[in-house]
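K.L.:
need the 3D shape of this:
(2 chains)
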Amino acid sequence: MPRLRILVLDDEPIVCKRLKPAFQKAGYEVETFTDSASALTRMAETSFDVVITDLKMEGADGFQVVERAHELLPGARIVVITGFATLDTAKESFRKGAFDFVAKPFKLGGIIDCVRRIEAEMKTQEHAKETPHEPPHF
Amino acid sequence: MGIIAHIADMLASWRSDRGVTFALLFKKFKSILVRNNRILELMADMGDKLGGEYIFDRKYIEDACASLDDQVFKLISDMSVLTQRKNTALFLAFERIQHQLQEEIAGRRNVQGGRLALPFSDIGIEAEDEVGGKISQLGDLSNRLHLRTPDGFAITTAAFFTFMSRNGLLEMAENGIAAWDGSEQALHELADQMQESIMDSPLPWGMVAQIDAMVGVLSANKGGPLRLALRSSAWGEDGDSSFAGQYDTQLNVPPDRVVEAYKAVIASTYSIEAWRYRLDRGYQENEVAMAVGCQLMAESQISGVLFTCTQNLDKGCESMVVSATWGGGAAVVSGETATDTIFLSRTPPYHALTRAIAHKARRLVPATRGDLVWEDVPQELQDIPCLTDAQLEQLARVGMSLERYYKRPQDVEWTFDACGELLILQSRPLRTGDGGGQDAPVQDATSKAEVIFSGKGLVAQRGVAVGKVVLVDHNTDLDQFPEGGILVSKFTSPRYARVMRRACGIITDVGSPTGHMATIAREQRVPALVNTEDATSLLRNGDEITLDATENVVYRGRIVELDRFERTEADMFEESYEYRLLRRLLKRIAPLNLVDPHSEDFKPQACRTYHDITRYIHEKAVEALVDLSQRHKALHHAPAHRLVDGPPLGLTVIDAGGGVNCPPQAASMTMDQLASVPLLAFLEGLTVAGMWDTAPVPVDLGSFMSSFTRTFTASTAGANTVVRNLAVVLREYMNVNMRLGYHYNTIDAYISDQINDNYVYFRFLGGVTELVRRSRRARFVAEVLDRFDFRVEVHGDLVVGRIKKLSETRMLLRMRMLGGLVGYARQLDARMSSDAKVAEHVRAFMEAIAAIAPASHNDRTGGGHAPTAHSGA
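P.N.:
Alright, predicted model coming up:
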């Protein structure tokens, strides 16, 4: 399986600066963005397996990025990271297509584990998809 | 539900003369305790975030500060209700600190009105605003890494603003650049005019006086004629290659020329080159601030530069390289003289790989009347190596510790003085030119490596360490700890602070990332993994391992790719804006200056941090409640009684209903008149033989200085002195606040036959003994609580234990145990002379207490078990 491709979107540069090398070290390909417009443009251009995005409460967009990402990359797993972690924002995120929801501040090890779980699950699914095509052995 | 309302109800019947119910006042008192805890937890949390394990952003910092603001404000408000005073001084202290925090968060550098000159001994990396990048870093080298640097003082950025604005110079620069037509010629003229005006302007009198005073101190310390080096240290000039060589340095300056030399360095801020450099990079005029470091001139015998990591083309590997020459080092940096060049291995004992010895015909020496001059090197020295093998090894060791701390290859300027002492003049990141695109090799290397263990433990400081395992216990002579070893130990201990400069990593079986050792590891940036449970049994002395304290993995062997990945990461998290901001904020939040309640400085005006305010209020709240009861006694039939027998606690008992069997007007009472079930059990535990040792504990010499104030208090707190401790009781309830010596105990308990209402809350805060002993005592208390099934949290000196919903019998057993524990721990810090004592005392205590309070599972063996620390989040 090729290396997992991750897109990180957070308007605070520190989050991108910290996540990028950590994911690279773990063996993933990473692109980071600090504004949603260019992140969405990039998602329209090319595919990603995991999208990690901040949830902005200021301005109108809020869940729009999650929604758009889900439309653009229906196969990608979307992980929401937010400093506005409430039950409501979590529910709404899942409704808009998020796969996981992480409250800030979070542990570096935790988010890497989260991506590893996604990777493992994707492998299993891929395997499951392939199995029916194989001729049965008796 | 019921219980708190019930207690409040019982208390409500008692009214003070001003119509405020005791219930309300007591509620405020309890609220103060809760807030006090919350504030300590918030502070510990913020400290935790500095370890690099968490991803946090600006919003977290703002939210955390806002929560603290809120809690501290309400704490003072509660205090005002309790004391029925305005507490203006406390509110002012709060406003002052809050304002400083807001200014920091808003990014406004708070230097106006600050100190004009600062000795190097007071300077750390956080002082960048005050003393500029270069000097704050030098302060770090000497005060945190304990490397020798030339002594001196800084003339601050506040002094710069004072000097410049008094003489209308800032205005002149701003107007000049605003009116500039963009031509090179005009910039030249402007630069010349600025520099001339600076040299012609007088220094304000106050500045000259402070500079003279600082020079006087240096002169007195040194003895003999004084010569100084004045170096620029501007905002943003952080050695990260920016501004390198843009500003002036004045060498070998005699005391009477310091003011002139200072002005010359300031003038260099407006040289055409420096100005052009700033303009090209979009700097605004209001971002210019120049501090000046005044250092003792090193009497250099040998000087040079060390690069800690470079490609050695001969050997095809990474190595260190040293360039060295006789005399002063200025010529090595500028490349004006021939130097010996030695390549050294990067692993201890740092053998020389290749040496090229140059013909060194001349050297730089100080001239009699300032500046430096060239002179001929004596014939016999010209062709011999100027550094011995021992000196090379010493340099290499220092270089590697700098690289570990800054996590980057370093470019180090150094000198050996006339006494043969190694002095570090500057250390800055070495631009190696490679880096990036290395992710694949890291992945390859780690996937091939043998994993000794993974997924265990908690990260106290993030990072990677490659080295040999050094197993350490309380018998280990830490002075023998080898350079570059990885310390592996059962327990965490602040004692390890001593070896942190030599250790490149730390792994422990137990311990918490909020403990003292973790704090020190963060300060020294030593990668540390704690609470791994069994690392000491999985690792053997001398094993070569790679610790990845980001993913909690330990690999067998040296995985240099992982180490290199760390070194070439684009940004070091410790140096990022958010970390610097959080560190600066914590400096105004966490340090405790109000240590001694008997000192004259124990007052609101002296509160410099939120911790100070919190500590002050806690102390005064207990006093206030005692006072309150005594005042009432004079006015009313008030149920406050002094307990005259039993353990000598100086306990005042306030009865709020059914807690005592004596007449309400009685000023004193005896043990047999006490009816409060939890308090009886607690006092019973305290009086058990051996638990209340009234004989003074022998204080060994080591702890004498640090605990003498406490001992002093304990010894004067005899029969005549009023030790005021307080218990508020009902039949099933007690709230006890006690200061014994210098540590606080708060116990809040409700015990009845209603299992679901039962709870005990125990809180223990350490005294003024040295850090190491305090933390041993905290560990002792935590360990004991854990054995009795308390949920235990440890934040530094603070131990909090909670337990609830046990039967009355079990709860009373625990109250007796707590009585014993309080008595036993009373003077324990003076006895905690080694780590081994913790386990020893736990054993001794468990044996002594077994008679009245057998632990539910005291079959557990000591050593392998420790309480889990929860962060306060």
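K.L.:
for the residue nearest to B:L539 when sequence neighbours are not counted, list each beta-bridge partner.
P.N.:
Closest residue to B:L539 in three dimensions, ignoring its sequence neighbours and counting by CB to CB, 6 or more residues apart in numbering or on different chains: B:V469, at 4.8 Å. Glycine gets a C-beta too; all of them are placed from N, C-alpha and C. When assigned by DSSP bridges, B:V469 has beta-bridge partners B:I486.
K.L.:
would you confirm that B:V469 contacts B:A535?
P.N.:
No. Using CB atoms under 8 Å as the test, B:V469 is too far from B:A535 to be in contact (9.2 Å).
K.L.:
what is in contact with these two at once?
P.N.:
Residues touching both B:V469 and B:A535 (CB atoms under 8 Å, 6 or more residues apart in numbering or on different chains): B:V488.
K.L.:
got the contact list for the residue nearest to B:L539?
P.N.:
Counting by CB under 8 Å, 6+ apart, B:V469 has contacts B:G485, B:I486, B:V488, B:L539, B:R540, B:N541, B:G542, B:D543, B:E544, B:I545.
K.L.:
so the third one, which state does it fall into?
P.N.:
Read that as B:V488. strand (DSSP: H, G, I helix; E, B strand; the rest coil).
K.L.:
quick one: contacts for it?
P.N.:
By CB under 8 Å, 6+ apart, the contact list for B:V488 reads B:V469, B:V470, B:L471, B:V472, B:I506, B:I507, B:T508, B:A535, B:T536, B:L539.
K.L.:
what about B:V412, how many neighbours?
P.N.:
Using other CB atoms under 10 Å in any protein chain shown, B:V412 is surrounded by 24 other residues.
K.L.:
list the beta-bridge partners for it.
P.N.:
When assigned by DSSP bridges, B:V412 has beta-bridge partners B:L306, B:S427.
K.L.:
around chain A, pick out the residues from chain B.
P.N.:
Residues of chain B lying near chain A by CB under 8 Å from any CB of the partner chain: B:49, B:52-60, B:63, B:439-440, B:442-443, B:459, B:462, B:550-552, B:562, B:565, B:569-571, B:573, B:576-578.
K.L.:
buried subset of those residues?
P.N.:
B:49, B:52-60, B:439, B:442-443, B:459, B:462, B:550-552, B:562, B:565, B:569, B:573, B:578 (16 or more other CB atoms under 10 Å in any protein chain shown).
K.L.:
any chance you could read off phi and psi for residue 50?
P.N.:
In the absence of a named chain, this looks at chain A. Main-chain dihedrals, A:V50, degrees, to the nearest 10: phi -130, psi 130.
K.L.:
next, the contact list for it, please.
P.N.:
By CB under 8 Å, 6+ apart, the residues touching A:V50 are A:L4, A:R5, A:I6, A:L7, A:A76, A:R77, A:I78, A:V79, A:V115, A:I118.
K.L.:
distance of the spatially most central residue of chain A relative to B:G168?
P.N.:
By CA atoms, centre = their mean, chain A has its centre lying nearest to A:V51, at 2.5 Å. Between A:V51 and B:G168 the computed distance is 56 Å (CB to CB, to the nearest Å).
K.L.:
now swap in B:A590 and tell me
P.N.:
Distance of B:A590 to B:G168, given as CB to CB: 41 Å.
K.L.:
these two: who's more crowded?
P.N.:
B:A590 (18 against 12).
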